[in-house]
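1. This is the structure alone, sequence omitted:
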């Protein structure tokens, strides 16, 4: 939880919470709170005579709402729509809108889960190809300057390079001899 600094301490002529107090109570940084304000998620606070931001007590609850929505995977643009719905009557259009947003987010999560599954499968294939080509950690580490898995080529002192690493080969712009495709 961010600490309230002296520059964000409550001045005597302020009603409501200072930016540091809201940030600390909501568990965000002062910079995050200012960013939410710039994005229009949190209404700009009234200013005291001394120029300090004076947030209403509901600001803490609103910032916590933003953080919980983000934790559920909603983007800040989507959070803005949820805040708009939050300000309406909690039935009818607002309830339908919130439900539709949640259903859309479930679809997004399902797509990401499928993508992550494909990513995991591709990585597991690369590790298996690496184990077959390069070996595992049980092999001794080559000495600096030596060519691992080098095979003498006939001329004294010359060796051919080790087989390409399938992991590095798959990441290369022009993969050659890479047994695994990284499309998912």
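-> Received, thanks. Here the structure is a predicted model, which is why all the values come from computation and not from measurement.
2. which residues in the chain form strands?
-> Taking DSSP state E as the criterion, the chain contains strands spanning 46-47, 53-54, 151-152, 159-160.
3. What's the mean pLDDT across the second one?
-> Yep, that's strand 53-54 we're talking about. Per-residue pLDDT values over strand 53-54 give a mean of 86.
4. again with the third one
-> The predicted model assigns strand 151-152 a mean pLDDT of 39.
5. Count the residues that sit near residue 17.
-> Residue 17 has 22 neighbours, counted by other C-beta atoms under 10 Å. Where C-beta positions appear, they are placed from N, C-alpha and C, glycine not excepted.
6. no no, residue 44
-> Per other C-beta under 10 Å, the neighbour tally for residue 44 reads 11.
7. cool, and the one 4 residues further on?
-> As a burial measure, residue 48 scores 17 neighbours (other C-beta under 10 Å).
8. Okay, buried residues for stretch 117-128 please.
-> Residues of stretch 117-128 classed as buried: 122, 125, 126 (neighbour count, 16 or more other C-beta atoms under 10 Å).
9. now swap in stretch 61-75 and tell me
-> Applying a neighbour-count criterion of 16+ other C-beta under 10 Å, the buried positions in stretch 61-75 are 62, 63, 65, 66, 67, 69, 74.
10. pLDDT-wise, which helix or strand of this protein ranks last?
-> Across the helices and strands of the chain, mean confidence by mean pLDDT, DSSP states H and E is lowest for strand 151-152: a mean of 39.
11. Compute the mean per-residue pLDDT across stretch 58-67, please.
-> The predicted model gives stretch 58-67 an average pLDDT of 95.
12. got it, and stretch 82-102?
-> Along stretch 82-102, the predicted confidence averages to a pLDDT of 82.
13. cool, and stretch 172-180?
-> If you average the pLDDT over stretch 172-180, you get 59.
14. and if you look at stretch 18-35?
-> When the per-residue pLDDT values of stretch 18-35 are averaged, the result is 95.
15. How far does it stretch from one end to the other?
-> Here the two ends of stretch 18-35 are set 15 Å apart, with distance taken as C-alpha to C-alpha, to the nearest Å.
16. Just list the residues touching the nearest residue to residue 45 once chain neighbours are set aside, thanks.
-> What sits nearest to residue 45 in space, not counting adjacent residues and going by C-beta to C-beta, 6 or more residues apart in numbering, is residue 53, at 3.7 Å. Under the criterion of C-beta atoms under 8 Å, 6 or more residues apart in numbering, the neighbours of residue 53 are 18, 19, 44, 45, 46, 47.
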